[in-house]
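structure here, sequence nowhere to be found:
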């Protein structure tokens, strides 16, 4: 380990290290960030949800979008897997179906960044008690 | 740097480690590796989450799922279900006792809702053995900021913040620093008092186990402000985990050059050594602590001179408690105004309490000063165990007193607690219910001080012994009304004349129970009755003749043959022979034996 020689050094190191725990800090205040839930039941995984989830996590970071990406159980839309639910801060959740990597890219660019709706929205027909 | 999508935080406090949290970390890692998830999910052992009642705790991030009472056997299911398939393992979630619903996010649990975590900000959040995680949380930034400022400025800020010593006395911390800084000497010392001795208290231990760097950083700041180049941590040898983590933290800080010569390129040099206490309660008193560190007997000496003038090896020494230190880096980064905006008028900031006793949520909490006892006991603590009646709460350890239902709405701060006949102390809070006898409780605490008295001054050495004898007499059913007067008078004299804080406060449990539970004392004396059924000598075991079928089970099991009676006829207990062991009650299948 090299010694930290000045406050400026310390600040720089902090910036680098913060990445490591950003996930934890974001988890403390998910309501202020973009929250994405990826349906990861058997049908979701079989349709490539895992790949989509990894894509979302990596790309959101690259594109500087502060987001909390979590997996969730079967959302019930087995006909349209992989499904993801996106909650923009202070807005109602929106569910997208048949999300592949290409679609995920479009969702990030259009919906998450600009709030434009894109094709593939599934009307939400349930209430969650998750966040009680 | 590997990129992790999820973090699994496992509590690594002493309590949860005792329930195998080491094995949990291992099992989680194994289960993740089996599914090739070990590159995506990181398992971190953190400090105490505070919710010790339901430990061991495993928290899944980023979705904030809070699993309770996890065993190594549950780990596979957590990984297979939650991590892999996104289905929460319901049976391990916390159940809200009010509506029996599962609560998955800790933020929605009553236990956490009212808390503000300043001193505990990193406990249960970072890996205490990894300085990088502390730095990522703005660690050592306060030290950096201070080094580019002047000691006067920092001390003034600290005074403005209103921070008072968290070890019990409540002396303004900034003022203490100012006094030490103004004394001229060739060598000065700063000392961290980690000799946490109150029964049932574990605030300081948890901070040192969960966030050791915050204390180290604050001590360095203290050194800069007072002109000390050496720090000493006096810690009880009974805290092996805290000691181990401190050692790791110290060596990491040295490697980064955050301790040692010319810290962060400045002229300031500072290092810390550890000293181990052998577990004498009185060594928490600062003069006794200093003597113990010097290798002398842990006995207090008269103040003045205060340690700030003449302390360790006769040099000016600034002694602060662990929790006080843990607050300081945040105050410096966020500013004194921010800190002063939290809390009550004369007590600023928050206080950590260790909740113990007959309460549902035993654990470690941090609340703003001015929170009421009712909020702490019922909203955070979840009320009294088994739905019993609240009777009293003991604060301040053996030096404190008991508060009752009439104090439930008192906002907790230094001054209010003293006005109510108790004290803040270091933050132990022991809750008692209807099954606790207050005379016996007073006796228990006095037993502790009698044991721990160093014997140097007579009020403490002899006075407490006599107090204890009188209490023993009362609990044996031999007390008189005169004894009650003597208790009060003697207690007052000890309070006024003892040498150090230990002696001066030792009669508090007796005096406060006399004030608040006078009726119970009188009952013990005049009616020879202990309403809680704790004082054995006052109990009478009686067989209800109508309920007794004469099965002889009680008579056969009585170890002293105190029960007589013919088969199939009601039995009787000879009170002169009965030793009140209760064996008959356990054996009676017809609930025919009563305790009166």
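Alright, I've got the coordinates. Everything quoted here is computed from the prediction, not taken from an experiment.

is it true that residue B:291 touches residue B:299?
Yes. The pair residue B:291 / residue B:299 is scored as a contact, 6.0 Å apart, by C-beta atoms under 8 Å. For glycine as for every other residue, the C-beta is placed from the backbone atoms N, C-alpha and C.

name the SS class of residue A:79, please.
Following DSSP: H, G, I helix; E, B strand; the rest coil, residue A:79 is assigned to helix.

which ones are touching residue B:124?
Residue B:124 makes contacts with B:9, B:11, B:46-50, B:57, B:59, B:210, as judged by C-beta atoms under 8 Å, 6 or more residues apart in numbering or on different chains.

tell me which of those fall in helices.
Here DSSP state H is the test, and these give residue B:210 as lying in helices.

turn the contacts of residue B:124 into a markdown table, including neighbour count.
Formatted as a markdown table, the contacts of residue B:124 follow (neighbours: other C-beta atoms under 10 Å in any protein chain shown):
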| residue | neighbour count |
| --- | --- |
| B:9 | 24 |
| B:11 | 28 |
| B:46 | 28 |
| B:47 | 30 |
| B:48 | 28 |
| B:49 | 32 |
| B:50 | 31 |
| B:57 | 28 |
| B:59 | 24 |
| B:210 | 29 |
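
ok, so of the contacts of residue B:124, who is nearest residue B:510?
Within the contacts of residue B:124, the smallest distance to residue B:510 is 31.7 Å, found for residue B:50 (C-beta to C-beta).

so that closest one sits against residue B:109, correct?
No. At 10.8 Å, residue B:50 does not count as touching residue B:109 under the criterion of C-beta under 8 Å.

buried stuff in the biggest helix by length in chain A?
Ranked by number of residues, the top helix in chain A under DSSP H is helix A:7-27. Across helix A:7-27, burial judged by 16 or more other C-beta atoms under 10 Å in any protein chain shown covers A:7, A:9-10, A:13-14, A:17-18, A:20-21, A:23-24, A:26-27.

now do it: distance to the chain's middle.
20 Å (C-alpha atoms, centre = their mean, to the nearest Å).

what residue ranges in chain B score low on pLDDT?
B:1-3 (pLDDT under 70).

quick test: name the residue nearest the centre of it.
By C-alpha atoms, centre = their mean, chain B has its centre lying nearest to residue B:201, at 2.2 Å.

let me know the secondary structure of the residue in the stretch 351-500 of chain B positioned nearest to chain A.
For the stretch 351-500 of chain B and chain A, the shortest gap (C-beta to the nearest C-beta) falls at residue B:366, measuring 15.4 Å. State at residue B:366, reduced to three classes by three-state DSSP: strand.

hmm, back to that, what's the residue nearest to the centre of chain B in contact with, if anything?
By C-beta under 8 Å, 6+ apart, the neighbours of residue B:201 are B:354, B:397, B:425-428.

residue B:51 too?
Counting by C-beta under 8 Å, 6+ apart, residue B:51 touches B:57, B:68, B:106, B:109, B:111-112, B:361, B:363.

look up how far residue B:204 lies from it.
19 Å (C-beta to C-beta, to the nearest Å).

residue B:428 now?
Residue B:428 sits 11 Å away from residue B:204, going by C-beta to C-beta.

may I have the beta-bridge partners of the nearest residue to the residue nearest to the centre of chain B once chain neighbours are set aside?
Distances taken as C-beta to C-beta, 6 or more residues apart in numbering or on different chains put residue B:428 closest to residue B:201, at 3.7 Å, once the chain neighbours are dropped. With DSSP bridges applied, residue B:428 shows beta-bridge pairing to residue B:354.

wait, what's in contact with residue B:428?
Applying C-beta under 8 Å, 6+ apart to residue B:428 gives the contacts B:198-201, B:203, B:353-354, B:356, B:394-397, B:400.

most surrounded residue in those?
With neighbours defined as other C-beta atoms under 10 Å in any protein chain shown, the most crowded of those is residue B:394; it has 32 neighbours.

which of the three states applies to residue B:296?
Going by three-state DSSP, the secondary structure assigned to residue B:296 is coil.

how about stretch A:100-108: buried residues?
Within stretch A:100-108, the residues that count as buried by 16+ other C-beta under 10 Å are A:103-104, A:106-108.

in CSV: these, plus distance to chain B.
Formatted as CSV, the buried residues of stretch A:100-108 follow (distance: C-beta to the nearest C-beta, whole Å):
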residue, distance to chain B
A:103, 19
A:104, 15
A:106, 22
A:107, 18
A:108, 16
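
which of the residues you listed fall within helices?
By the criterion of DSSP H, membership of those in helices covers A:103-104, A:106.

closest one of those residues to residue B:560?
residue A:104 (79.8 Å).

the residue of the stretch 351-500 of chain B closest to chain A and residue B:112 touch, don't they?
No. Shown here, residue B:366 and residue B:112 do not form a contact pair, counting by C-beta under 8 Å, at 10.1 Å.

those two - which one has more neighbours?
Neighbours were counted for residue B:366 and for residue B:112 using other C-beta under 10 Å; residue B:366 has more, 24 against 18.

for stretch B:259-268, how far is the first residue from the last?
10 Å (C-alpha to C-alpha, to the nearest Å).

what are the neighbouring residues in contact with residue 115?
Unless you meant another one, I'm taking chain A. Residues near residue A:115 by C-beta under 8 Å, 6+ apart: residue A:88.

try again with chain B
Contacts of residue B:115 by C-beta under 8 Å, 6+ apart are B:50, B:365-367, B:380.

farthest-separated two in those?
Between any two of the contacts of residue B:115, the greatest separation by C-beta to C-beta is 11.2 Å, found for B:50 and B:367.

buried set for stretch A:72-88?
A:72-75, A:77, A:80-88.

avg pLDDT for that stretch?
Mean pLDDT, stretch A:72-88: 83.

contacts (any at all) between chain B and that stretch?
Yes. Remark: stretch A:72-88 sits within contact range of chain B at A:72-73, by C-beta under 8 Å from any C-beta of the partner chain.

what lies in contact with that stretch?
Identification of contacts with stretch A:72-88 by C-beta under 8 Å, 6+ apart yields A:34-44, A:46-49, A:52, A:56, A:93-100, A:104, A:107, A:111-112, A:115, A:120, A:122, A:126, B:85-88.

filter those down to the buried ones and hand me the ChimeraX line.
Buried residues within the contacts of stretch A:72-88, by 16+ other C-beta under 10 Å, are selected in ChimeraX with:
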select /A:34,35,36,37,38,39,40,41,43,44,47,49,52,56,94,95,96,97,99,104,107,111,112,120,122 /B:85,86,87,88
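
before we move on, back to that, scan the contacts of residue B:51 and report the most crowded one.
Result: residue B:57 is most packed of the contacts of residue B:51 (other C-beta under 10 Å), 28 neighbours.

just checking, that residue touches residue B:49?
Yes. Residue B:57 lies in contact with residue B:49 (C-beta under 8 Å); the separation is 4.7 Å.

farthest pair in the contacts of residue B:428?
Farthest pair in the contacts of residue B:428 (C-beta to C-beta) is B:203 and B:394. Separation: 15.3 Å.

grab the nearest non-local neighbour of residue B:247.
Nearest residue to residue B:247, sequence neighbours excluded (C-beta to C-beta, 6+ apart): residue B:274, at 7.2 Å.

in the sheet, who's paired with the one you found?
Here residue B:274, judged by DSSP bridges, has bridge partners residue B:233.

near chain A, anything from the host helix or strand of residue B:134?
For residue B:134, the host element (DSSP states H and E) is helix B:131-136. Yes. Using C-beta under 8 Å from any C-beta, helix B:131-136 reaches chain A at B:132-133, B:135-136.

next one: that helix to chain centre, how far?
Relative to its chain's centre, helix B:131-136 lies at 26 Å (C-alpha atoms, centre = their mean).

cool, stretch A:18-35 as well?
Put simply, stretch A:18-35 sits 11 Å off its chain's centre (C-alpha atoms, centre = their mean).

same thing with stretch B:546-554?
On the basis of C-alpha atoms, centre = their mean, stretch B:546-554 sits 47 Å off its chain's mean C-alpha point.
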